[in-house]
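Asks: okay, here's the prediction I keep looking at, along with the sequence it came from:
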Amino acid sequence: MKTRTLFFGFVIFTISLFGQRTSQKYPDLVRIADSLYNEKDFKNSAFTYSSAFKVNGWKAMLNERYNDSRWKPLLESVQANKKKAFPNLESIPVNGFKVEVITCGMEHNQKGKPVIVFENGRGTDFEYWLPIIQEVSKDNATFAYNRPRIGSSEDDGQLPTIGHIVDVLRQSLLAKGLQPPYVLAGHSWGAAYTRCFASFYPDEIAGLIFVDPHDFVKKPGGGRLPYQEIGLTESQIDSLFDSYDKWADDYIASGPRFVAEEMKAQREFSKSGFELINRNPLPDVPVHFIMAGGYPINQEKTPSLYDQEKMFRINNNIKMKSWIELINPLKYGKFFYCSSSGHMIQKDDPAIIISSINLVLQDYDKIRKEKE
């Protein structure tokens with residue numbers, strides 16, 4: 001069985017969960033924005049598009065075509081509105097290309113004091129971290145950025161592989177004068193980037209927070225486990241994975257490039273990610289896993305070979321076991337299960353992430369004192 005097939009068995013499942021809180025509001029806002037545009041009310045059209053993109057993580061759906069002549073002025077207006085929400089928003093050069101970053105709490109940027117760093121999920125903008133950034137930057141320097149092609153970050157022409165993005169992130173931090181140690185908070189696919197950052201630079205890590213993370217410890221063949229547990233035959237699983245592969249191929253060929261390129265990177269990761277992750281064990285620093293347990297309330301009822309909610313629970317249980325095994329050897333490992341939160345925990349329960357960051361900082365201080 002192809003490695004990428006094992007990985008993409010969960011791509012569809014993840015996408016069906018993503019945006020559970022916005023699936024109804026986003027298209028309504030887009031329709032209103034379209035109407036305003038057609039009526040030549042460009043100002044309110046731009047504001048409405050901003051609202052639509054905001055509830056959807058600052059990204060558009062597949063059927064919004066970026067080669068439409070109307071997008072350039074509208075996206076410029078969207079960016080202007082976004083600048084109001086992020087007064088510290090700027091673009092900095094990294095490897096000759098502009099990277100969109102936001103820094104807050106820079107008055108707390110002191111030698112030896114951890115910097116809080118946020119890594120976004122696949123194809124998403126840093127906007128959804130805003131409530132958390134606003135709170136934790138009261139006492140700490142914080143940094144968030146958009147990977148190449150996302151938001152206003154330029155396309156650097158490279159596949160956003162683990163190694164490349166870790167390098168972009170690290171260079172961006174240093175360019176802003178933000179020296180280690182770092183507390184890295186990664187959401188979804190972004191958690192794979194932060195985990196590998198810790199693998200490459202373990203001595204620069206003060207803590208790790210994985211927010212409903214991509215299953216970055218899944219072994220080759222592990223993607224079949226939930227399907228086997230729910231009772232599908234090997235032939236049925238093969239057929240499903242073939243359909244997932246085809247969907248992924250079609251999406252990569254026709255979907256927005258800023259998402260498609262990251263899907264390609266995930267495929268590359270599925271081939272060697274397990275070995276890459278385990279090149280170095282987790283550093284013995286505070287490590288938290290925050291898992292979403294809320295099944296999508298607006299999940300579409302599509303024909304399926306299995307009970308989709310039951311599959312969701314099975315998959316969560318498998319991942320939960322893996323996460324707990326990872327933190328068991330650590331002195332300051334913690335696991336949080338949010339039974340009613342969807343995948344976008346930043347929107348559904350930002351307080352748990354804020355609390356997690358504060359706990360990581362407290363435990364990191366304990367570690368420092370123990371070493372003195």
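Replies: Done, it's in. Numbers count the residues shown, from 1 in each chain.
Asks: can you check the pLDDT for Pro256?
Replies: The model reports Pro256 with a pLDDT of 84.
Asks: would you confirm that it contacts Gly123?
Replies: Yes. Under the criterion of CB atoms under 8 Å, Pro256 makes contact with Gly123 at 7.4 Å. Where you see a C-beta, it was placed from the backbone N, CA and C, and this is true even at glycine.
Asks: looking at those two, which one has more neighbours?
Replies: Counted by other CB atoms under 10 Å, Pro256 and Gly123 do not tie: Gly123 has more neighbours, with 23 against 17.
Asks: and the more buried one, that one's in a helix?
Replies: No. Using DSSP: H, G, I helix; E, B strand; the rest coil, the assignment for Gly123 is coil, not a helix.
Asks: which of the helices or strands spans the residue lying closest to it once chain neighbours are set aside?
Replies: Residue nearest to Gly123 in three dimensions, not counting chain neighbours: Val259, with 3.8 Å by CB to CB, 6 or more residues apart in numbering. Per DSSP states H and E, Val259 falls inside helix 257-277.
Asks: packing partners of that helix?
Replies: helix 3-8, helix 162-175, helix 190-200, helix 234-254 (3 or more CB pairs under 8 Å, 6 or more residues apart in numbering; DSSP states H and E).
Asks: reformat these as TSV; add distance to Phe312.
Replies: Below are the helices and strands packed on helix 257-277 laid out as TSV (distance: least, CB to CB, whole Å):
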stretch	distance to Phe312
helix 3-8	17
helix 162-175	27
helix 190-200	19
helix 234-254	15
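Asks: now Arg147, what are its backbone angles?
Replies: The phi/psi pair for Arg147 (degrees, to the nearest 10) reads phi -70, psi 160.
Asks: and it, what does it touch?
Replies: Residues near Arg147 by CB atoms under 8 Å, 6 or more residues apart in numbering: 120, 153, 160, 165, 168, 262.
Asks: now with 10 Å, please.
Replies: 99-100, 119-120, 122-126, 153, 156, 160, 164-165, 168-169, 172, 190, 193, 258, 261-262, 265 (CB atoms under 10 Å, 6 or more residues apart in numbering).
Asks: so of the helices and strands packed on helix 257-277, which one's packed in deepest?
Replies: When these are scored by mean count of other CB atoms under 10 Å, the highest mean neighbour count falls to helix 190-200 (a mean of 24).
Asks: what about it, distance to the chain center?
Replies: Chain-centre distance of helix 190-200: 12 Å, with CA atoms, centre = their mean, to the nearest Å.
Asks: do stretch 217-230 as well
Replies: From the chain centre to the centre of stretch 217-230 is a distance of 22 Å (CA atoms, centre = their mean).
Asks: now do the SS call for Leu184.
Replies: Applying three-state DSSP: Leu184 is strand.
Asks: tell me the pLDDT of it.
Replies: 98.
Asks: excluding chain neighbours, what is closest to it?
Replies: Using CB to CB, 6+ apart, the closest residue to Leu184 is Thr194 (4.0 Å).
Asks: doesn't Glu204 make contact with the one you found?
Replies: No. Using CB atoms under 10 Å, Thr194 makes no contact with Glu204, being 11.7 Å away.
Asks: intersection of neighbour lists for these two?
Replies: Common contacts of Thr194 and Glu204 (CB under 10 Å, 6+ apart): 182, 184.
Asks: so what does the strand or helix carrying Asp365 touch, helix or strand wise?
Replies: Assigned by DSSP H and E, Asp365 belongs to helix 350-371. In terms of contacts (3 or more CB pairs under 10 Å, 6 or more residues apart in numbering; DSSP states H and E), helix 350-371 is packed against strand 115-119, helix 130-136, strand 182-187, strand 205-211, strand 287-292, strand 333-338, helix 345-348.
Asks: contact partners for Phe118?
Replies: 102, 126, 128-130, 132-133, 136, 142-145, 183-187, 190, 194, 209, 211, 346, 353, 357.
Asks: got the buried residues for the helix holding Val259?
Replies: Buried positions in helix 257-277, judged by neighbour count with 16 or more other CB atoms under 10 Å: 258-270, 273-274, 276-277.
Asks: go on, stretch 224-232?
Replies: By 16+ other CB under 10 Å, the buried positions in stretch 224-232 come out as 224, 226-227, 230, 232.
Asks: residue closest to the middle of the protein?
Replies: Nearest to the mean C-alpha position of the chain, by CA atoms, centre = their mean, lies Gly121 at 1.4 Å.
Asks: for the nearest residue to Lys138 once chain neighbours are set aside, what are its contacts?
Replies: Counting by CB to CB, 6+ apart, Lys138 lies nearest to Gly105, which is 6.8 Å off, once chain neighbours are set aside. Contacts of Gly105 were listed using CB under 10 Å, 6+ apart, and they are 88, 115-116, 133-134, 136-143.
Asks: and what of Tyr145?
Replies: Taking CB under 10 Å, 6+ apart, we find Tyr145 in contact with 91-92, 94, 99-103, 117-120, 125-126, 151, 153, 168-169, 172-173, 176.
Asks: repeat the analysis, applying 7 Å as the threshold.
Replies: By CB atoms under 7 Å, 6 or more residues apart in numbering, the contact set of Tyr145 is 99-101, 126, 169, 172.
Asks: tell me the least confident of the residues you listed?
Replies: Checking pLDDT across the contacts of Tyr145, the minimum falls on Phe126 at 93.
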